[in-house]
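Novice: Got a predicted model here, sequence first, then my questions.
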Amino acid sequence: YQIPEVTEIGINIPEGYSVHGIDVSRYQLEIDWERVKNYQSGDFKVDFVIIKATEGISLRDPNFGQNWNGARMQDFKMGAYHYFHPHLDPETQANFFVNSVNLQSGDIVPVLDIEEFQPGTTIEELQQSCLIWLRLIERKYGVKPIVYTSAKFYDNYFAGSEIDEYPVWIAHYHVNKPETKAKWAFWQHSDRAQIDGIEGDVDANVFKGSFEEINKYCIP
């Protein structure tokens with residue numbers, strides 16, 4: 001089976017950014033990473049890739065291994081993310097991520113994907129749980145991990161807290177720039193990009209800065 005060719009990204013690209021990336025998980029099925037690497041649509045090409053690795057305390061993304069190895073073979077600037085479950089032990093979740101991902105010097109720092117608020121808990125409990133994961137990961141790799149969440153979620157649950165100390169990757173679609181209190185470094189601006197080598201929709205992101213500046217958010 002051959003994935004149909006894609007020539008146009010099919011979305012509006014925010015102006016004023018030169019560094020673009022995608023994030024993927026098992027929902028993108030089997031990816032032809034060589035075609036992703038060679039893809040260009042207007043000024044867009046894939047400069048970095050962030051791949052789902054783990055979720056909760058025991059769910060490894062079934063496509064993680066082949067995505068990780070495939071992106072590595074094409075020499076992408078790449079990183080991995082963990083989908084966080086606030087009702088599960090954060091230390092177990094952090095260790096599960098560390099044991100599942102072989103990060104190298106120059107890779108993008110780990111990403112905590114937090115999108116759920118557990119009813120019956122407090123905002124402080126959510127923050128503390130996230131901070132346990134973030135601090136354990138920071139200690140392990142010697143660099144601050146990234147917090148991924150939506151503009152609204154950040155403003156409702158994290159703004160003004162200790163989580164402000166961490167770099168932020170914000171999701172906000174169909175806007176000219178993210179409307180959030182977060183000082184963001186990465187912005188997921190669409191979930192509808194079309195990328196050659198991938199079947200179906202893909203999340204598209206920009207980095208606020210030059211390609212060299214991404215190294216501030218990489219494993220030393």
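Specialist: Now that the structure is in, tell me what you want to look at. Since the model is a prediction, treat every value here as computed from it, not as a measurement.

Novice: from here on, contacts and neighbour counts on C-alpha atoms
Specialist: Fine.

Novice: Does the residue nearest in space to the middle of the chain lie in a helix or a strand, and which?
Specialist: For the chain, the residue sitting closest to the mean C-alpha position, by CA atoms, centre = their mean, is Ile50 at 4.8 Å. Assessed by DSSP states H and E, Ile50 sits inside strand 48-55.

Novice: Paired strands for that strand, with orientation please.
Specialist: Sheet pairing for strand 48-55, assigned by DSSP bridges, gives strand 19-24 (parallel), strand 59-60 (antiparallel), strand 77-83 (parallel).

Novice: Quick one: distance of that strand to the chain centre.
Specialist: Relative to its parent chain, strand 48-55 has a centroid offset of 6 Å by CA atoms, centre = their mean, to the nearest Å.

Novice: same question for it, mean pLDDT?
Specialist: Strand 48-55 shows a mean pLDDT of 98.

Novice: Just checking: what are the partner strands of the longest strand along the chain?
Specialist: Longest strand in the chain, counting residues (DSSP state E): strand 184-193. Applying DSSP bridges, strand 184-193 is found paired with strand 168-171 (parallel), strand 202-207 (antiparallel).

Novice: Out of the ones you listed, flag the one nearest Tyr39.
Specialist: Set against Tyr39 and scored by CA to CA, the strands paired with strand 184-193 come closest in strand 202-207, at 13.6 Å.

Novice: how about that closest one as PDB, C-alpha atoms only?
Specialist: Taking Å, rounded to 0.1, in the frame of the first residue of the first chain, the C-alpha atoms of strand 202-207 are listed here in PDB:
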ATOM      1  CA  VAL A 202      -1.400  16.100  11.400                       C
ATOM      2  CA  ASP A 203      -0.800  18.700  14.100                       C
ATOM      3  CA  ALA A 204       1.300  21.700  12.900                       C
ATOM      4  CA  ASN A 205       3.500  23.800  15.200                       C
ATOM      5  CA  VAL A 206       5.800  26.700  15.100                       C
ATOM      6  CA  PHE A 207       8.800  27.600  17.300                       C
END
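
Novice: Next one: the residue nearest to the centre of the chain from Ser161, what distance?
Specialist: Here the criterion is CA to CA, to the nearest Å. By it, Ile50 lies 26 Å from Ser161.

Novice: Likewise for Ala94?
Specialist: Distance from Ala94 to Ser161, by CA to CA: 21 Å.

Novice: and the strands paired with strand 184-193, which is most packed in?
Specialist: Between the strands paired with strand 184-193, strand 168-171 has the highest mean count of neighbours, a mean of 25, where neighbours are mean count of other CA atoms under 10 Å.
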